[in-house]
Every structure is written in C-alpha cells, then in structure tokens.
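> From the sequence below, what's the structure:
(one chain, ligands or ions: 1)
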Amino acid sequence: MKILVAVKRVVDYNVKVRVKADNSGVDLANVKMSMNPFCEIAVEEAVRLKEKGVATEIIAVSVGPTAAQEQLRTALALGADRAILVESTEDLSSLSIAKLLKAVVDKEQPQLVILGKQAIDSDNNQTGQMLAALSGYGQGTFASAVVVEGDRVKVTREIDGGAQTVDLKLPAIVTTDLRLNEPRYASLPNIMKAKKKPMETLKPEELGVSTASTLKTVKVEAPAARSAGIMVKSVDELVDKLKNEAKVI
Ligand code: AMP
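Modelled structure (predicted):
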C-alpha cells in the first residue's frame, strides 16, 4: 500500500513571529523554518504503518519554495522513501494546495493520504477536507487512531467531549490530531541516508493546475499588547476594583 504524506514548511513553533510593518503578513526574514508539527505526526503514522507491514511505500509531498526540500529531507530521514516538491514561490490558498495535491494523488494513486489537521502558520484547517472533496475520497479528520484492515481504514476522531470512529473505504484521506502519536527524532545515520533518497521537483503547470487565487489577505495584525497589571493593597481594594472598574462581579 502506497501512502502519500503532505508536509508543509512553516515558521518553527518556538519562534515569536513578527508582523510586517505594512501589515501584509508575517516577517519571514531570518526566521527558523521547520516541518509543521501536525505533518510530523502524519509522517510518523505513515512510518509506523510501514513498520507494521501495512504500507509498502511512503511518498512525502510538499508545495512550496525550493527551501521546502529541507522539510522533505527531514521526512525522508524519518522514514519516507521518496519525495516530491511541487515548487512554487506564490502564497497559495488552501484550495490551490488541495488542487495540486489532488494532481499528485492522480499521478501516484496512493491508498492513503495523510495530512496534518492544521498548518500552524495559517491555521486554515481545510486542505485535507478540500482534497477529500476534490478526489471524492472518504475523510477521517482529527485522527487520534488509525487502523488499516484490508481495503478499509478505521479512524478514531477527536470530537467535542469524546471520540468518534469512522470506517472508510480506501483510498481515503486522514488528517492528524495531536494525540495520534509522538513523532520520533531522525537519527544521524538516517539523516545521511536521506540525502541519497529520490526527490522529484514538479511545477504547478506540469501538473496542469492553475493556482490563480480567489482569496486575498486583506490585513495581518499582531494581537493587542497586554496592559501592565497593578498591585492591590488589600482584598477589599481588589473586590472594589473587580466590581467598579472591571465590572466583572
Ligand atoms: P491547512 O489546511 O493549511 O491548515 O493545512 C493542513 C495540512 O494540509 C497540513 O498539515 C499539511 O499536511 C497540508 N498542507 C497545507 N499546505 C501545504 C503545503 N504547502 N504543502 C504540503 N502540504 C500542505
């Protein structure tokens, strides 16, 4: 069984992002970039399925600039067999990404496509769902457990106040939630081996996909700075302030 894993290059989760002075977006100059954490979970799940003998090949795919090769190499070091970079320097919408992934799905015919539930930069939480709609495959989103049985996959989903298990016919789309697994670190020998694994580069035009966007980012703003706190001298003063200034009691 072939598994396709979608991997996004994003600002590292430890970085405190700065908004550009013109409010057009986030300043990415000299900022540490990494694999989206939910995509790390997606790669880990694919590798575990291969270790169990369920999967035979794992293909990592990323849509992004040439530098996204770094994240694909990380996926290869973690256990993916080969990688595909769909090269684009444009700021693509989720729909464009989903269309490009759909073209890769058509080309590679994987039985399972695993994506993160959300990219931590744009917080869209829609690429997997859009890909499922475009490809006509069933979807198991926010997965906390994935069990492949024959030509079906059971996905346990994190939902408000509990868990729901759906049973999907393969091929299917799964998006990962935090509790699905704990991703491993790449070992040095595997990082070295990953350098020799195949990486293909494709352009959106070669996949026959137009990435013209129907979406425009109007403005990006940093959250309002928190005002400084004050020290109160007594409980009475605190109660008075809560009642008369904050008006919360
Ligand atoms: P989003 O819908 O943007 O929150 O992203 C959800 C998931 O879709 C990510 O965790 C990735 O698995 C996948 N994805 C989004 N953008 C890209 C991209 N540029 N390249 C590859 N995968 C992506």
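> so is residue 22 in a helix, a strand, or just coil?
Under DSSP: H, G, I helix; E, B strand; the rest coil, residue 22 falls in the coil class.
> Report how many residues lie close to it.
With neighbours defined by other Cβ atoms under 10 Å, the count for residue 22 comes to 8. Just so you know, the C-beta spots here come from the backbone N, C-alpha and C atoms, and that holds for glycine as well.
> how close does it sit to the ligand?
23 Å (Cβ to the nearest ligand atom, to the nearest Å).
> same deal with residue 225?
On the measure of Cβ to the nearest ligand atom, residue 225 and the ligand end up 27 Å apart.
> tell me the contacts of that residue?
When the contact criterion is Cβ atoms under 8 Å, 6 or more residues apart in numbering, residue 225 has no partners at all.
> ok but it is inside a helix, no?
No. Counting by three-state DSSP, residue 225 is located in no helix; its state is coil.
> Check what pLDDT it gets.
Listed pLDDT for residue 225 reads 86.
> Tell me the backbone dihedrals of the closest residue to residue 98 other than its chain neighbours, please.
Nearest residue to residue 98 in three dimensions, chain neighbours excluded: residue 130, at 3.6 Å (Cβ to Cβ, 6 or more residues apart in numbering). Residue 130 adopts backbone torsions of phi -70, psi -40, taken as degrees, to the nearest 10.
> In contact with residue 130, which residues are there?
94, 95, 98.
> Look up how far residue 35 lies from it.
From residue 130 across to residue 35, the span is 21 Å (Cβ to Cβ, to the nearest Å).
> picking that back up, pick the one among the contacts of residue 130 closest to residue 15.
For the contacts of residue 130, the residue nearest residue 15 by Cβ to Cβ is residue 94; the value is 22.1 Å.
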